[in-house]
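K.L.:
Pasted the sequence and its predicted model underneath.
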Amino acid sequence: MSRFQPYSDRDDYNIPSRQDLNPGVFTAPPPYQQANYYPPSSEGFNPSTNSFASNANSYTPVAAQQYPHTYNDMNYQDDRVGPLWSEKPGASSGSSKKKWLIIGGIAALVIIAVGVGVGVAVSHKSSGSKSSSSSSGTSTGTSSDTKDWVMSVNNVVKYNPKDLSQFELDPRLHKSLYGMAYTPIGAILPDCGATFEGVLEDVMLMSQLTTRVRLYGTDCNVTDLVLDAIQQTKTDLSVYMGIYINNDDTVYTRQRDAVQRILQTYDINHVLGVTVGNEFILNNMTAASATDPTGTVGVAAAEFLVAKIQDVRSMLSGLSLSKTIPVGNGDAGAYTNTQLLSAVDYFMSNIHPWFGSVPVDQAAGWTWQFLEDNNVPMAAQTTNNPELIIAEIGWPSKSSDAASATNGPSAADIPTMQTFMDSWICQANTNQTKY
């Protein structure tokens, strides 16, 4: 994969100039913390025995079962430690005036889809859709053939329970997003209750919005559920698998082994890469009250990650797969270093203008400039030229409390979210930014 190129390096499409981005003076507020989100990390833990279930990462694809199928809940223990992530706001602004209808409601952070929130403005009834073909273009026949079709678990999509590749498209949804970060409802610890039915509905919706999905870990059978649903629906979605990393090797080993099993179970043509760790450097630096990712704490965290990345590469090599699976890492955009970037095929940079207290009308340009100022120069210092992807980007549609109703200049509400979506998606798609 090629490394992300700044706008000025491209000559094959219209490029906004630095003047078009309307850069202005921006005073950086104190560092921020994202609240109420953690990637899945621990699976199959039984508190009564203080051990993991032998089938903690086992999963039988629905293809081998009688559909519909409901999975049993298991007991879990939250083994995560440390805060989430923070960014350093920089200076830049800009927005596109072109309007883009995105069906909204993707929870909290707009591009981060959690559960059924992917269908922005999609009614929980099927009245808005008259189409009867799958997102991969497979014809479902005449309307008389759909009399035995059923509604999905949240009454969003109508589909054929005998052939999950046959479902109604929503004419309001379009493949306008480069990618989406996704964790299904019921897959954030300590509540591991994600079901195939729920993920199936999400996959049917997401396949109408994008072709790429980023996952955070294998626990709660998240990766199994998603890949199984993709294969059953025959959609063109592909995933970046995730391995959640903390300082406990048990967590890493369990998820690495699950990745190995999954790659031997499902069609690897639906796998874009394996992302080892998310915001691990940030978490370790925050715990140590460190601020420089190139300092002692940041470098030590990177070296810890590099050992795991090399171990994953060794595991993948031993599988003799039909294609090479890229291995990457994800972290807050301001928290990486050359030690890490030199070891990965791609780096997923989490950049949130909301938490940088950036005005919404400047958010799109600020986000691109942040990547340009922080990640592009550092990647250029490596010899492997890692691909750069903005992995988390979005705007909240609502605040959980009055104190967080704004980030200072802009509000957490649907109209402001739509303003961000209009500007970010149009600019990013026009300029071929990967997000």
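P.N.:
Received, thanks. Numbers count the residues shown, from 1 in each chain.
K.L.:
Surely Asp236 touches Leu209?
P.N.:
No. In this structure Asp236 lies outside contact range of Leu209 using C-beta atoms under 8 Å: 11.9 Å. To be clear about C-beta, it is placed using only N, CA and C from the backbone, and glycine gets the same treatment.
K.L.:
Counting neighbours, go ahead and name the busier of these two.
P.N.:
Leu209 (24 against 15; other C-beta atoms under 10 Å).
K.L.:
and that one, what does it touch?
P.N.:
Val118, Leu173, His174, Lys175, Ser176, Leu177, Met180 (C-beta atoms under 8 Å, 6 or more residues apart in numbering).
K.L.:
Just want the phi and psi numbers for the last one.
P.N.:
Meaning Met180. phi -140, psi 140 (degrees, to the nearest 10).
K.L.:
picking up where we left off before, among the contacts of Leu209, who's most crowded?
P.N.:
Result: Val118 is most packed of these (other C-beta under 10 Å), 30 neighbours.
K.L.:
quick one: secondary structure of Leu177?
P.N.:
What DSSP: H, G, I helix; E, B strand; the rest coil gives for Leu177 is coil.
K.L.:
One more: Phe370?
P.N.:
Phe370 is classified as helix under three-state DSSP.
K.L.:
any idea how far it is from His352?
P.N.:
Relative to His352, Phe370 is positioned 10 Å away (C-beta to C-beta, to the nearest Å).
K.L.:
Could you pull up the mean pLDDT of stretch 281-296?
P.N.:
Stretch 281-296 shows a mean pLDDT of 97.
K.L.:
Can you give me the buried ones in it?
P.N.:
For stretch 281-296, burial by neighbour count (16 or more other C-beta atoms under 10 Å) applies to Ile281, Leu282, Asn283, Asn284, Met285, Thr286, Ala290, Pro293.
K.L.:
State the next helix or strand along the chain beyond the host helix or strand of the second one.
P.N.:
When elements are defined using DSSP states H and E, Leu282 is found to belong to helix 280-287. Once helix 280-287 ends, the next helix or strand along the chain (criterion: DSSP H and E) is helix 296-319.
K.L.:
Now do that following helix and helix 280-287, the angle between them.
P.N.:
150 degrees (axes from the mean of the first three to the mean of the last three C-alpha atoms, to 10 degrees).
K.L.:
Contacts for helix 296-319, please.
P.N.:
243, 245, 247, 252, 256, 259-260, 263-264, 274, 276-277, 280-281, 284-285, 288, 290, 292-293, 324-325, 327, 329, 335-337, 339-340, 343-344.
K.L.:
Hmm, Met417 is touching Trp395, no?
P.N.:
Yes. Met417 is in contact with Trp395 according to C-beta under 8 Å; the separation is 4.5 Å.
K.L.:
what about dumping the CA coordinates of the helix holding Leu282 to CSV?
P.N.:
Provided in CSV are the C-alpha atoms of helix 280-287 (Å, rounded to 0.1, in the frame of the first residue of the first chain):
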residue,chain,number,x,y,z
PHE,A,280,-1.6,2.0,23.4
ILE,A,281,1.1,4.7,23.3
LEU,A,282,-1.4,7.3,24.4
ASN,A,283,-2.6,5.2,27.3
ASN,A,284,0.9,4.5,28.5
MET,A,285,2.0,8.1,28.2
THR,A,286,-1.1,9.4,30.0
ALA,A,287,-0.5,6.9,32.9
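K.L.:
top strand in this structure by residue count?
P.N.:
The single longest strand within the chain, with elements called by DSSP state E, is strand 271-278.
K.L.:
Report the buried residues of that strand.
P.N.:
If you call a residue buried by 16+ other C-beta under 10 Å, then strand 271-278 has these buried ones: Val271, Leu272, Gly273, Val274, Thr275, Val276, Gly277, Asn278.
K.L.:
Only the C-alpha atoms, please, for it, written as PDB.
P.N.:
Extracted C-alpha coordinates of strand 271-278, given in PDB (Å, rounded to 0.1, in the frame of the first residue of the first chain):
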ATOM      1  CA  VAL A 271      -9.600  -8.900   5.200                       C
ATOM      2  CA  LEU A 272      -7.700  -5.700   4.600                       C
ATOM      3  CA  GLY A 273      -5.300  -5.900   7.400                       C
ATOM      4  CA  VAL A 274      -4.700  -6.700  11.100                       C
ATOM      5  CA  THR A 275      -4.400  -3.700  13.400                       C
ATOM      6  CA  VAL A 276      -2.300  -4.500  16.400                       C
ATOM      7  CA  GLY A 277      -3.200  -2.100  19.200                       C
ATOM      8  CA  ASN A 278      -5.300   1.100  19.500                       C
END
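K.L.:
and that strand, which strands flank it?
P.N.:
strand 238-243 (parallel), strand 327-332 (parallel) (DSSP bridges).
K.L.:
send the alpha carbons of the last one over as PDB?
P.N.:
Translated: strand 327-332. Listed next in PDB are the C-alpha coordinates belonging to strand 327-332 (Å, rounded to 0.1, in the frame of the first residue of the first chain):
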ATOM      1  CA  VAL A 327      -0.100  -5.400   9.700                       C
ATOM      2  CA  GLY A 328      -0.700  -1.900  11.200                       C
ATOM      3  CA  ASN A 329      -1.400   0.000  14.400                       C
ATOM      4  CA  GLY A 330      -3.800   2.700  15.500                       C
ATOM      5  CA  ASP A 331      -3.300   5.600  17.900                       C
ATOM      6  CA  ALA A 332      -4.200   9.200  18.600                       C
END
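K.L.:
Report the buried residues of the following helix or strand past it.
P.N.:
Per DSSP H and E, the first helix or strand lying C-terminal to strand 327-332 is helix 338-341. By 16+ other C-beta under 10 Å, the buried positions in helix 338-341 come out as Thr338, Gln339, Leu340, Leu341.
K.L.:
Using a markdown table, lay out those together with pLDDT and distance to Ser317.
P.N.:
Shown next, in a markdown table, are those (pLDDT from 0 to 100; distance: C-beta to C-beta, whole Å):
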| residue | pLDDT | distance to Ser317 |
| --- | --- | --- |
| Thr338 | 98 | 24 |
| Gln339 | 98 | 22 |
| Leu340 | 98 | 20 |
| Leu341 | 98 | 21 |
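K.L.:
where does the stretch 101-250 of the chain dip in pLDDT?
P.N.:
101-144 (pLDDT under 70).
K.L.:
at 80 instead, please
P.N.:
Counting by pLDDT under 80, the stretch 101-250 of the chain shows low-confidence ranges at 101-144, 188-191.
K.L.:
picking up where we left off before, could you dump the buried residues of strand 271-278 into CSV with pLDDT and distance to Ser314 added?
P.N.:
Compiled in CSV, those are given as follows (pLDDT from 0 to 100; distance: C-beta to C-beta, whole Å):
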residue, pLDDT, distance to Ser314
Val271, 98, 17
Leu272, 98, 20
Gly273, 98, 16
Val274, 98, 12
Thr275, 98, 17
Val276, 98, 12
Gly277, 98, 17
Asn278, 97, 21
